[in-house]
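[1] Turn this into a model:
(chains A and B)
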Amino acid sequence: MSRRQHKPRARGAPVTTVVVLRLYIVGGAPNSVQAIANLEAICREYLKDGHKLEVVDVLEHPRRALADGVLVTPSLAKLSPLPAANVVGNLSDKAKVLLALGLKGKVQ
Amino acid sequence: MHSRFCPRADIRIAILGLPSRQAVACQRRALLKETQIATKSKAAQALAKLATGIEGFDELSRGGLPRHRTSLLIGGPGAGKTVFALQCLVNAARRQRTPGIFVAFEESPRQIVANGATFDWGLASLAEKELFFLDAHLSPTLVKAGDFDLAGMLAMLAAKKKEIGAQWIVFDGIDVLVTLLQDPVAEMQEIYRIRDWLADNALTAIVTAKLENRTSEAVHYGFLQFMADCVVRFERRQEDRVSAQSIQITKYRGSGYAAAEFPLSFGPSGIEVGAAEPAEIGHGASSERITAGFKRLDAMLGGGVFRGSSTLVTGVPGTAKTTLAGKFAEAACKRGERTLFVSYDEAAEEIARNLSSVGIQLKAHVKSGLLRMYSARTEGIGAEEHLTKLKSLIREHRPRCMVIDPLTAIAKAGSLGAARTVAHRLIYMVKDAGITLLVTALSETDDPRAESTDLQVSTIADTWIHLSYLVLSGERNRALTIIKSRGISHSNQVRELVLSKSGPTLTDVYSAGGEVLMGTLRWEKEAEESARKTRQRAEFDQKRRELQFAEARTSAQIKALQMDLQRQRAELALYADENEARKMSSSERENELRRRRSADSAGVSSRNSGNGAAK
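    The predicted structure is shown next:
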């Protein structure tokens, strides 16, 4: 995995970095449902090449969420590549999400 | 009543019914009573309270915060909300071994634990076991993209609650979260979510929220206040260069509470609310008399002051208030009673040294541990703070007698109103503990009435001794008056207080022209008195001697006269004998002469009788 991360650093090369994301949600909550949908749309559009998305239901794994420092839901964490980023909310503000995930350039 | 118009059977029923109706009424009354009791107990159940263990607050809230309900603490920064909330958790964890959760929206848990370490809670060790701190401090780099909710956090907290068995939960700084939501509807939704969650999880919750401005933001937190069953308002304001904190319960669903604003202070064990005195005065009255310091003062008080009473000693500077207080403390120590001597703006060492010059020895009692001397500065320290310190001193030392010298020092900083309530609460608290108290109060003028306008302690003190200077014929002398002494027939005389190497004492009374003489005048009067006595004695001796002399002289005269009389009698007797003899001899001679001269006997006898008449 780490090898694959290093490759795309070559200038001009298409981004093939695998973006690792984790979304904490509360199963069934409107904001959470919306967040999943919004994130999936973003991934389809901007992270076609490679991404790993893990959805954690806080109701099922509260202690894990606690350990990860999650407070409000839905909450999105970009774990790699660095810098890490955190976005809270239902991700309906697409521009903000892209900016936070470092995908802003792709839009232009 | 109806019997006249009723058939017979009905009459019987009516007659029979009469006692039964009474019975029904009786039953109904009993039922009513029962239901009243039932509703009462039901209400009591619904209103189950959890004691916070915060001094004073449980009294004014009549038992603590509502169990399984939400209490809201609102107030400005630094007013004590976080400490109050944390103290509730700490007390529950320490006293009832019930764990709690602290959700910190504002400060990081590390900061909170560090801040809490200033109190004697052992917070660091509690934080490892009984208390769980959730860092809900949202990072400033956090990006908000769309709406969010607290469902996840509450799910996590529910899991944690189950894990540690928490009964208390604190949401500290919920206003921070509310601001992040940026939407009034979402705010309300989330707050309702929290409320429902709390109800479902049977947790007793404390929610704190900042309130910058009383009027404008009270509206903002309207629904927050609505959601809470108990709302406590904290305030911090400036009073004459000293910041004073206060606490007030503004709402308590289904419960009575003390509605007034109460002073709040931070002691070594956290927050203390100055509301401890119940409206009813609880202390008993002892009829035991103890010395007020020395014999002659006790004599003026008809045998001393009552145990557990309070004595106020007023006077301008230098009238020996401290000496009197020291004598009282020394007497208590000599009885073997634990004593607390609190002095303001004068070091304990200095006081002990100065008092030893008038024969009051305190150092030995300090060494033996019987006497605790505490001295403190008063500049810039509020009255509440002093009270907190005194409370902890009383708890530590457990005195039976106590001296505060001078009590008026607590009013130096801060408002007079605050100092007044502190003075009153202090005296009531000390009396409730059965401690015999002597406080001194500095008066600015020599008029004892001036004191009553200051701290107004004189009205609640049992005994009031006023010390003053009397300036008379170029001299300044200390005078002692007992202005009042409840339940004691006391002397109404102004007495001179004299300080000597063997301690203070009161002198004998010399009054002249309606004035009690003091100092040199008294001395003069004393000298005059003794001179007069000497003179009287001398005069008496003189007179006695004179009389003795006269008596002696008279008796001597009598003796002389008697002797004279005897002599005269003897002479008379002798003369009579002689005369007889002469008569005889002369008649013989007459006869002889007559015979010789042969003259007429009658001529001779007439010459003789003429001779006798001349003699």
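
[2] which residues does residue B:585 contact?
    Listed by CB atoms under 8 Å, 6 or more residues apart in numbering or on different chains, the contact set of residue B:585 is empty. C-betas here are computed from N, CA, C, even on glycine.

[3] Can I take it that it is in a helix?
    Yes - counting by DSSP: H, G, I helix; E, B strand; the rest coil, residue B:585 falls inside a helix.

[4] Check the gap between it and chain A for me.
    172 Å (CB to the nearest CB, to the nearest Å).

[5] Now do that residue, the pLDDT please.
    For residue B:585, the model assigns a pLDDT of 79.

[6] mind checking the SS state of the nearest residue to residue B:247 once chain neighbours are set aside?
    Excluding its sequence neighbours, the residue lying closest to residue B:247 (CB to CB, 6 or more residues apart in numbering or on different chains) is residue B:264, at 4.5 Å. Following three-state DSSP, residue B:264 is assigned to strand.

[7] what's across from residue B:264 in the sheet?
    Beta-bridge pairing of residue B:264 under DSSP bridges involves residue B:245, residue B:273.

[8] List the contacts of it.
    Applying CB under 8 Å, 6+ apart, we find residue B:264 in contact with B:80, B:234, B:245, B:246, B:247, B:271, B:272, B:273, B:274, B:384.

[9] Going by secondary structure, the residue nearest to residue B:75 when sequence neighbours are not counted is in what exactly?
    Excluding its sequence neighbours, the residue lying closest to residue B:75 (CB to CB, 6+ apart) is residue B:234, at 2.9 Å. Following DSSP states H and E, one finds residue B:234 within strand B:230-239.

[10] show me where pLDDT drops low in chain A?
    Applying pLDDT under 70 to chain A flags residues A:1-16, A:104-108.

[11] State the number of residues packed around whichever residue of chain A sits closest to chain B.
    Chain B sits closest to residue A:73 of chain A, with a gap of 3.0 Å, by CB to the nearest CB. Applying other CB atoms under 10 Å in any protein chain shown, we find 31 other residues in the vicinity of residue A:73.

[12] Please name the strands paired to the strand holding residue B:234 in the sheet, noting orientation.
    strand B:70-75 (parallel), strand B:242-252 (antiparallel).

[13] Can you say which of those is packed in most?
    strand B:70-75 (a mean of 26; mean count of other CB atoms under 10 Å in any protein chain shown).

[14] on that earlier part again, for the residue nearest to residue B:247, give me the pLDDT.
    pLDDT, residue B:264: 81.

[15] average pLDDT across the helix or strand residue B:372 falls within?
    Take DSSP H and E as the rule and residue B:372 turns out to sit in strand B:371-376. The average pLDDT within strand B:371-376 is 89.

[16] Give me the neighbour count for the residue in the stretch 1-150 of chain B positioned nearest to chain A.
    Per CB to the nearest CB, residue B:146 is where the stretch 1-150 of chain B lies closest to chain A, at 3.4 Å. Residues lying near residue B:146 (other CB under 10 Å) number 19.

[17] repeat for residue B:254
    Residue B:254 has 11 neighbours, counted by other CB under 10 Å.

[18] Can you tell me, leaving aside adjacent residues, what's nearest to the one residue in the stretch 151-300 of chain B that gets nearest to chain A?
    Closest approach between the stretch 151-300 of chain B and chain A, counting by CB to the nearest CB: residue B:152, at 3.0 Å. Nearest residue to residue B:152, sequence neighbours excluded (CB to CB, 6+ apart): residue A:73, at 3.0 Å.

[19] Angles on the backbone of residue B:124, please.
    In terms of degrees, to the nearest 10, the main-chain angles of residue B:124 are phi -60, psi -40.

[20] Report the contact partners of it.
    By CB under 8 Å, 6+ apart, residue B:124 lies in contact with B:113, B:117.

[21] where's it relative to residue B:98, distance?
    Shown here: residue B:124 relative to residue B:98, a distance of 19 Å by CB to CB, to the nearest Å.

[22] Strands of the stretch 401-550 of chain B, start to end?
    Here the stretch 401-550 of chain B has its strands, by DSSP state E, counting those that start in this stretch, at B:401-405, B:436-442, B:463-472, B:475-485, B:495-500, B:503-506, B:511-512, B:515-516.

[23] could those go into JSON lines alongside mean neighbour count and mean pLDDT?
    Below are those laid out as JSON lines (neighbours: other CB atoms under 10 Å in any protein chain shown; pLDDT from 0 to 100):
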{"stretch": "strand B:401-405", "mean neighbour count": "26", "mean pLDDT": "91"}
{"stretch": "strand B:436-442", "mean neighbour count": "26", "mean pLDDT": "88"}
{"stretch": "strand B:463-472", "mean neighbour count": "21", "mean pLDDT": "82"}
{"stretch": "strand B:475-485", "mean neighbour count": "19", "mean pLDDT": "83"}
{"stretch": "strand B:495-500", "mean neighbour count": "18", "mean pLDDT": "84"}
{"stretch": "strand B:503-506", "mean neighbour count": "19", "mean pLDDT": "84"}
{"stretch": "strand B:511-512", "mean neighbour count": "12", "mean pLDDT": "68"}
{"stretch": "strand B:515-516", "mean neighbour count": "16", "mean pLDDT": "68"}
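
[24] Residue A:82: which element?
    In the assignment (DSSP H and E), residue A:82 maps to no helix and no strand.

[25] Same question for residue B:582.
    helix B:519-597.

[26] Strand B:475-485 and that helix, what's the angle between them?
    100 degrees (axes from the mean of the first three to the mean of the last three CA atoms, to 10 degrees).

[27] Pretty sure residue B:62 sits against residue B:254.
    No - counting by CB atoms under 8 Å, residue B:62 stays clear of residue B:254, with 11.2 Å between them.

[28] My understanding was that the residue of chain A closest to chain B contacts residue B:149; is that so?
    Yes - contact criterion CB under 8 Å: residue A:73 and residue B:149 qualify, at 6.3 Å.

[29] Find the residues that touch each one of these two.
    Common contact partners of residue A:73 and residue B:149 (CB under 8 Å, 6+ apart): A:26, A:29, A:31.

[30] Off-centre distance for the helix holding residue B:582?
    81 Å (CA atoms, centre = their mean, to the nearest Å).

[31] now the most centrally placed residue in chain A: how far from residue B:92?
    Among the residues of chain A, the one closest to the centroid is residue A:21, at 3.7 Å (CA atoms, centre = their mean). Using CB to CB, residue A:21 is found at 41 Å from residue B:92.

[32] same deal with residue B:338?
    For residue B:338, the distance to residue B:92 - CB to CB - is 33 Å.

[33] Between the two, which has more neighbouring residues?
    residue B:92 (23 against 18).

[34] how about the residues of chain B near chain A?
    Residues of chain B lying near chain A by CB under 8 Å from any CB of the partner chain: B:134-136, B:138-139, B:141-153, B:155-156, B:158-160, B:163.
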